[in-house]
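Asker: Test case, fold it:
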Amino acid sequence: METFGERVKESRKKLGLTQKQLPKLSGMAQATLSDIERGKNEGSRDVVSPANALKVSAEWLINGAGDTTCCTDTDKVSEFALVYENATEGGRAMLRDAIQAAHKIYIKSA
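Answerer: Okay, here's the model as predicted:
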């Protein structure tokens with residue numbers, strides 16, 4: 001599989017998901033998914049949500065490199081770093097705020 005769209009489509013089919021089901025699991029618009037699979041859209045800013053829904057690593061989904069599966073904490077940290085790196089400054093600020101909020105909740109519950 002050479003393209004992002006081909007990897008998305010094959011992964012979706014392996015799970016037995018339709019183009020209507022995957023958007024519900026990933027939060028991606030159905031039209032966006034269709035465009036991605038047809039090669040009219042080379043990806044989305046949010047690659048982690050579809051990767052998680054497809055049970056594959058975001059890195060593999062983006063560029064075909066590495067293992068297809070994502071199941072370790074290290075993989076998740078790497079995926080987060082990739083998402084952060086590709087985010088706009090506004091997106092990065094939102095990610096930092098979310099991490100700080102989650103950390104505060106964790107500290108209170110510990």
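
Asker: In contact with the nearest residue to residue 36 once chain neighbours are set aside, which residues?
Answerer: Closest residue to residue 36 in three dimensions, ignoring its sequence neighbours and counting by Cβ to Cβ, 6 or more residues apart in numbering: residue 5, at 4.8 Å. For glycine as for every other residue, the C-beta is placed from the backbone atoms N, C-alpha and C. Residues counted as contacts of residue 5 (Cβ atoms under 8 Å, 6 or more residues apart in numbering) are 36-39, 41-42.

Asker: same thing but 10 Å
Answerer: 33-43 (Cβ atoms under 10 Å, 6 or more residues apart in numbering).

Asker: quick one: it from residue 34, how far?
Answerer: Applying Cβ to Cβ, to the nearest Å, the value for residue 5 to residue 34 is 10 Å.

Asker: Over to residue 54?
Answerer: From residue 54 over to residue 34 the distance is 15 Å, taken as Cβ to Cβ.

Asker: Looking at this structure, which helix is longest?
Answerer: helix 89-109 (DSSP state H).

Asker: what pLDDT, on average, does that one get?
Answerer: Per-residue pLDDT over helix 89-109 has a mean of 85.

Asker: same for that helix, what does it pack against?
Answerer: Judged by 3 or more Cβ pairs under 10 Å, 6 or more residues apart in numbering; DSSP states H and E, helix 89-109 is in contact with helix 73-86.
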